[in-house]
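A.B. asks: can you look at this prediction? I've put the sequence above it.
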Amino acid sequence: MAIMSQTGIARLVGVAILLMALVIVGTSGTFIVPSGHRGVLVTLGRVSPEFKPEGFGLKTPFVATVIPVSIRQATADMQSAVISKDLQEVRTELKVLYRIPEQSAVQIYQQFKGDPFISLIQPRVDEAIKEITKEHTAQEIVQERAKIKQRTLANARKKVGDLLVLVDVVVVDISLSDNYEAAIERKMVQEQEASKAIFEQQKAQIDAQIAVVRARGEAESIKIRGEALSRNPELIDLEIVSKWNGRTPRVVSGEASGAQMILPLGPAPSPIQSVKLNPQP
């Protein structure tokens, strides 16, 4: 009974070892390429020219390996110190958006070990932005940021070629030296003050011209009115009547006549005042 038990145990161990070996062989002979990746088949160090699509597949056990290479869009940060046309140092912070086309997955793995940014993209973007910024002054680089970005992207795409897709280059920040930023600020203040002075000068000239025109108009009006009155003395009475407020004087001297009789002379004097002002002889 003891001998049969030992035999049974040996059989069970053998079956377990066989099943384990089958699992290991089965695992080694299959692969899974994750979504958003392409597989590069490497057999004893030799890279297959054809990539493996995402999903499940079979390979030669123990001697072949499938390495996934991402074809999703990736983002990487980089910094670049450039020299402007006016020999000022400008520091830039960039975000580079790129992706690997599936037809380039095998070549990218062979040449750049699956990560092309440091060895391929970053040096070419750095070179591209240096070539563009050297054509502009530091102030233009700051003020024309969108234009600098577009030209840098186009230049970098030419340098990278068709091996990769350079989606975009985002200029996150542009910084100048403290002294140069202070100089630019002073210059902008001076330009604003100069523009204000020119505006005030132009306004003063316009106001002076308006005053001259108004004075000429008033002088001409006075001249015309004077000539009209000299030719027609009756216009004086007409002017008085047109400005009368409707009040009739209470006391009128004997010499008043015509329009003079309706001039407002104020309240009538008291009898006592009349006596004092007109004493009897």
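C.D. replies: It's in. Residues are numbered from 1 along each chain as shown.

A.B. asks: contacting residues for Lys159?
C.D. replies: Going by CB atoms under 8 Å, 6 or more residues apart in numbering, Lys159 touches 124, 127-128. All C-beta spots, glycine's among them, are computed from the backbone N, C-alpha and C.

A.B. asks: ok, and the most crowded of the residues you listed?
C.D. replies: Per-residue neighbour counts (other CB atoms under 10 Å) across the contacts of Lys159 peak at Ala128, which has 23 neighbours.

A.B. asks: doesn't it fall inside a strand?
C.D. replies: No. The assignment for Ala128 (DSSP: H, G, I helix; E, B strand; the rest coil) gives helix, which keeps it out of a strand.

A.B. asks: my read: it touches Gln150, true?
C.D. replies: No. Judged on CB atoms under 8 Å, Ala128 makes no contact with Gln150 at a distance of 11.5 Å.

A.B. asks: now the contacts of Lys159 as JSON lines including distance to Leu94?
C.D. replies: What follows is the contacts of Lys159, written out as JSON lines (distance: CB to CB, whole Å):
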{"residue": "Arg124", "distance to Leu94": "12"}
{"residue": "Glu127", "distance to Leu94": "13"}
{"residue": "Ala128", "distance to Leu94": "10"}
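
A.B. asks: dump those residues into JSON lines; add pLDDT and distance to Gln103 as well.
C.D. replies: Listed next are the contacts of Lys159 as JSON lines, based on pLDDT from 0 to 100; distance: CB to CB, whole Å:
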{"residue": "Arg124", "pLDDT": "95", "distance to Gln103": "20"}
{"residue": "Glu127", "pLDDT": "96", "distance to Gln103": "25"}
{"residue": "Ala128", "pLDDT": "96", "distance to Gln103": "24"}
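
A.B. asks: ok, of the residues you listed, which one's closest to Ser35?
C.D. replies: Comparing the contacts of Lys159 against Ser35 with CB to CB places Arg124 closest, at 29.2 Å.

A.B. asks: shaky segments in the stretch 101-250 of the chain?
C.D. replies: In the predicted model, the stretch 101-250 of the chain carries pLDDT under 70 at residues 114, 181-184, 228-229, 232-250.

A.B. asks: swap the cut-off to 90 and go again
C.D. replies: For the stretch 101-250 of the chain, applying pLDDT under 90 flags the ranges 111-116, 119, 138-139, 142-143, 175-250.
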